[in-house]
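A.B. asks: Fold the stuff below for me.
(2 chains)
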Amino acid sequence: MHELLKDEARSAGLGRGEVSLRAVDRRRIELWILAVGVLAAITLLTLVTPTHVPGFVRDAPPWILRTMLLLFAAAFMAYVAEKERLLRHIQRVLFKERAAAQALVERADQLVALAEGARAVNGVLDLDEAMARLLDRALSMMDADAGAVLMVEGPYGSGAPELLRVACTRGDGRALGERIGRAETAAYVAVASDKVARRPDVDGAHRLLVVPLVHRDEMLGILEVEGRADREFEDYDAQLLSVFAEYACVGLVNARMYDAERNRVTELTKLDELKSQFLSTVSHELKTPLTAIIGSASVLRRTPVDAEMREEFLESIDRQARRLASMVDQLLVAGRLAEDHDESNEVVDLAETARVVAADLGLLGRIVTIVGPEQCRVRCGSDHLQQILVNLIDNAFKYGEPPVVVEIAVRDAVVVCSVLDDGAGVAPEDREMIFERFHRVDASGSRPGMGLGLAIVRQLTESVGGRVWFDPRPGGGTAVRVALEHVPRQERQSAPGTLVGGGRH
Amino acid sequence: MDATRPKVLIVDDEPDVLLLMRINLEDAGFDTVLAADGERALEQVREHAPDVVVLDVMMPVLDGWGVLEALAREGTRPLTIVVSAKATPADLQRAYRLGAAEYLTKPVDMPRLLAMIPEVLGRSDEDM
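C.D. replies: Sure thing, here's the model as predicted:
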């Protein structure tokens, strides 16, 4: 800038290397002292005719002399005015320069704060802490005290976000965040993914900065900063916040990954625990009937018993052997479920299957009542449905109390089959867990069972697009309900309905 | 009934287990009384005053813990061998606190049970 001013400076009479506001001031004072002096001299000359002057001056008429003096004064004033104009110009430029330098220092400070802020966000592994730091740094950088971080909900990287969750707020940022989170997600995402940092459609839009939190084209969330009443954000602020957000996102992603990894480890540890628990349960469960069988056989061999007693022992051996067989079956089913066995296109009569299962159980002395229509066709494999019913009824006897009732109800497109018992019911906190594989409500293991029954039911049900859940019954007892797709007879040829996609019919 | 034969009450909700224990105990020279649930077990204790109770924990109506508590309340404390599927330290502690003499895990090791009963009976004789 000083290079540009060189010519002006020389014309204005400033010395080399002295282009400063102080030099300009000095030069102006000099100029004005000179101007005042010269004008005073001229005035004096006009009033007092000098005595020692050349003859032609003395001889000339006085008006000529005055005119000459006036002309000289005018020329001199023009000279002074020009210098003054130049000096003023230089002064203005110098003022601007000073302001610009000041602004640069401020910007540099902001950049330092940005880098430091990003570092601070990157320095933590806890996601909540990372988000809190991100927001705090953004607010201090923007000199604001209200704002929010909103995170995209749902599986990461799944395209357009449907929902933003208010993850962190400061000041009255919560109101702000919730307003956005609820109704205006789409608009915000559009704004944010455009990398437009300002929100256009709000009163005092210049007080609100909205920047996307994007990492490698994945939208993580949104950072929002609301300025104080007297604060108007400029484009530069928006850019700065965008850049900060971009840097800080790395930290956010790291924290998120760490979080996910930690959860995975916890999950795996838990599964591992469940598996070893399951293993010990299985061996125990298999051992119980085996002990009974071996014990009965040895009694028969060494103790003289009468025919009636002998029959009783043989029956006991038979019963326990069957129990063993059914356990092995369950284990096999559970193992087979891991392989993808698709029975989702078969149609079976639920009422008929229930009757068959009830008849089988009736032979074992377990009385099951069936309530509902005579016929009721559902989309499910016959083997699967049988397994579902056997497991549910088995549970009802094992963990509940008779009477056990199978209730079939058709509700338009869905058939709900409920297995009801009169037992103690299931604690609310266990109602979801009991469907987990290996999970057993009674962790002491004093009730028979391997914790596979309901997990198998759930897997079978869900494999045909159905659902299974628990309902406590008002008068005590439990209802386990299974919802399956209803296939009315006349619609046999039609495509599968709402619950199941794809079909061969 | 022979008055010198010790009387054992077997409590278990599984008929097969009851049958097997009964035969084995009778074969080993004990008199047996049976109960399929906790309430019935208490009735049998009042009625027959057994020397030893072999008590399953998980049963319908009233479980083994409930039986132990009720017996303690009534002041009748027959020698009890608690039989349970699981033997966590907490379970063991609970059983002994409620006055059990021994603790066995299921499935029951029959020779062990048969050896345990006279041992428990002998212990109570020393106490007296």
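A.B. asks: and stretch B:12-26, anywhere near chain A?
C.D. replies: Yes: contact of stretch B:12-26 with chain A (Cβ under 8 Å from any Cβ of the partner chain) involves B:P15, B:D16, B:V17, B:L19, B:L20, B:I23, B:N24. For the C-beta atoms, the positions are set from N, CA and C on the backbone; glycine is no exception.
A.B. asks: Close to chain A: what parts of chain B are there?
C.D. replies: Checking chain B against chain A by Cβ under 8 Å from any Cβ, the hits are B:15-17, B:19-20, B:23-24, B:27, B:57-58, B:60, B:84-86, B:88, B:91, B:106-108, B:110.
A.B. asks: what's around A:I393, how many residues?
C.D. replies: A:I393 has 23 neighbouring residues, counting by other Cβ atoms under 10 Å in any protein chain shown.
A.B. asks: from memory it sits against A:R366, does it?
C.D. replies: Yes: when contacts are counted by Cβ atoms under 8 Å, A:I393 is listed as touching A:R366 (7.4 Å).
A.B. asks: that older thread, could I get the residues of stretch B:12-26 next to chain A in JSON lines, plus columns for pLDDT, neighbour count and secondary structure?
C.D. replies: What follows is the residues of stretch B:12-26 next to chain A, written out as JSON lines (pLDDT from 0 to 100; neighbours: other Cβ atoms under 10 Å in any protein chain shown; DSSP: H, G, I helix; E, B strand; the rest coil):
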{"residue": "B:P15", "pLDDT": "82", "neighbour count": "14", "secondary structure": "helix"}
{"residue": "B:D16", "pLDDT": "83", "neighbour count": "23", "secondary structure": "helix"}
{"residue": "B:V17", "pLDDT": "86", "neighbour count": "24", "secondary structure": "helix"}
{"residue": "B:L19", "pLDDT": "87", "neighbour count": "22", "secondary structure": "helix"}
{"residue": "B:L20", "pLDDT": "87", "neighbour count": "27", "secondary structure": "helix"}
{"residue": "B:I23", "pLDDT": "87", "neighbour count": "21", "secondary structure": "helix"}
{"residue": "B:N24", "pLDDT": "88", "neighbour count": "21", "secondary structure": "helix"}
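A.B. asks: which among these gets closest to A:D318?
C.D. replies: B:D16 (10.2 Å; Cβ to Cβ).
A.B. asks: Let me know the pLDDT of residue 10.
C.D. replies: The chain I'm using is chain A. pLDDT, A:R10: 77.
A.B. asks: The intended chain is chain B.
C.D. replies: 95.
A.B. asks: How about A:T185?
C.D. replies: At A:T185, pLDDT is 47.
A.B. asks: sec struct for A:S418, please.
C.D. replies: Here A:S418 is recorded as strand under DSSP: H, G, I helix; E, B strand; the rest coil.
A.B. asks: Now do it against chain B, distance only.
C.D. replies: Plainly put, A:S418 is 22 Å away from chain B if you go by Cβ to the nearest Cβ, to the nearest Å.
A.B. asks: count of residues packed around that residue?
C.D. replies: Neighbour number of A:S418 under other Cβ under 10 Å is 20.
A.B. asks: show me the contacts for it.
C.D. replies: A:V405, A:V406, A:E407, A:I408, A:A409, A:D471, A:A479, A:V480, A:R481, A:V482 (Cβ atoms under 8 Å, 6 or more residues apart in numbering or on different chains).
A.B. asks: can you count the residues close to residue 110?
C.D. replies: Let's take chain A. For A:Q110, using other Cβ under 10 Å, the count is 18.
A.B. asks: wait, I meant chain B there
C.D. replies: 19.
A.B. asks: quick one: average confidence on stretch A:224-244?
C.D. replies: On average, stretch A:224-244 scores 80.
A.B. asks: CA atoms only for that stretch - export them in PDB, please.
C.D. replies: Provided in PDB are the C-alpha atoms of stretch A:224-244 (Å, rounded to 0.1, in the frame of the first residue of the first chain):
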ATOM      1  CA  GLU A 224     -26.600 -24.000  15.300                       C
ATOM      2  CA  VAL A 225     -25.500 -20.800  16.900                       C
ATOM      3  CA  GLU A 226     -27.800 -17.900  17.800                       C
ATOM      4  CA  GLY A 227     -26.200 -14.500  18.200                       C
ATOM      5  CA  ARG A 228     -27.100 -12.000  20.900                       C
ATOM      6  CA  ALA A 229     -29.700  -9.300  20.100                       C
ATOM      7  CA  ASP A 230     -27.200  -6.800  18.800                       C
ATOM      8  CA  ARG A 231     -25.100  -9.200  16.900                       C
ATOM      9  CA  GLU A 232     -25.400  -9.700  13.100                       C
ATOM     10  CA  PHE A 233     -23.400 -12.500  11.600                       C
ATOM     11  CA  GLU A 234     -21.500 -11.800   8.400                       C
ATOM     12  CA  ASP A 235     -20.700 -14.200   5.600                       C
ATOM     13  CA  TYR A 236     -17.200 -14.500   7.100                       C
ATOM     14  CA  ASP A 237     -18.700 -15.800  10.400                       C
ATOM     15  CA  ALA A 238     -20.700 -18.400   8.500                       C
ATOM     16  CA  GLN A 239     -17.600 -19.500   6.600                       C
ATOM     17  CA  LEU A 240     -15.500 -19.700   9.800                       C
ATOM     18  CA  LEU A 241     -18.100 -21.700  11.600                       C
ATOM     19  CA  SER A 242     -18.400 -24.100   8.600                       C
ATOM     20  CA  VAL A 243     -14.700 -24.700   8.500                       C
ATOM     21  CA  PHE A 244     -14.700 -25.200  12.300                       C
END
